[in-house]
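*Asks:* Here's my sequence, what's the structure:
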Amino acid sequence: MANDKPLKSAVELALERLKKKDAESGLESRPLTDAQKAAIAEARNYFEAKLAEAEVLHQSKLKTIREPEQREALLQEYRRDRERLTSERDAKIARIRKS
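*Replies:* Prediction:
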């Protein structure tokens with residue numbers, strides 16, 4: 001064989017193409033510092049706890065409501081809370097990555 005390099009998987013080839021494309025467009029990839037990793041882990045843990053708290057509160061309220069309209073309204077409120085918390089978590093992680 002003329003080439004002694006091992007064959008690359010499709011994933012490795014795709015990652016190389018993406019890295020090359022990013023380099024050409026001026027995006028730079030810099031690894032996260034230990035402080036950033038710790039801050040991201042802390043943010044994820046905090047918001048995971050908040051989501052669990054919202055789930056518990058939702059379930060306890062759901063047990064007391066029998067009317068379908070009120071249950072639907074409660075479900076919509078719970079979905080909004082989850083979306084808000086998820087959005088806040090993602091925004092905080094993005095801020096940490098940029099710092």
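
*Asks:* Just the pLDDT at the spatially most central residue of the chain, thanks.
*Replies:* Nearest to the mean C-alpha position of the chain, by Cα atoms, centre = their mean, lies residue 90 at 5.7 Å. Residue 90 carries a pLDDT value of 96.

*Asks:* repeat for residue 95
*Replies:* Per-residue pLDDT puts residue 95 at 94.

*Asks:* give me the low-pLDDT residue ranges for this protein?
*Replies:* The chain contains residues with pLDDT under 70 at 1-3.

*Asks:* show me where it has helices.
*Replies:* 10-25, 34-64, 68-98 (DSSP state H).

*Asks:* Return the distance of the second one from the chain's centre.
*Replies:* Its chain's C-alpha centre and that of helix 34-64 lie 13 Å apart, by Cα atoms, centre = their mean, to the nearest Å.

*Asks:* circling back: any chance of the helices of the chain in CSV, with distance to residue 4 too?
*Replies:* In this view, the C-beta of every residue, glycine as well, is placed from N, C-alpha and C. Shown next, in CSV, are these (distance: least, Cβ to Cβ, whole Å):
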stretch, distance to residue 4
helix 10-25, 17
helix 34-64, 37
helix 68-98, 38
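
*Asks:* residues near the closest residue to residue 96 other than its chain neighbours, how many?
*Replies:* Ranked by Cβ to Cβ, 6 or more residues apart in numbering and with sequence neighbours excluded, the top spatial neighbour of residue 96 is residue 39, at 4.8 Å. Counted with other Cβ atoms under 10 Å, the neighbours of residue 39 add up to 18.

*Asks:* Pull up the gap between residue 39 and residue 57, please.
*Replies:* 27 Å (Cβ to Cβ, to the nearest Å).

*Asks:* Also residue 99?
*Replies:* Residue 99 is 32 Å from residue 57, by Cβ to Cβ.

*Asks:* Neighbour count: the two, which is higher?
*Replies:* residue 57 (12 against 9).

*Asks:* tell me the contacts of the more buried one?
*Replies:* Residue 57 is in contact with no residue at all, counting by Cβ atoms under 8 Å, 6 or more residues apart in numbering.
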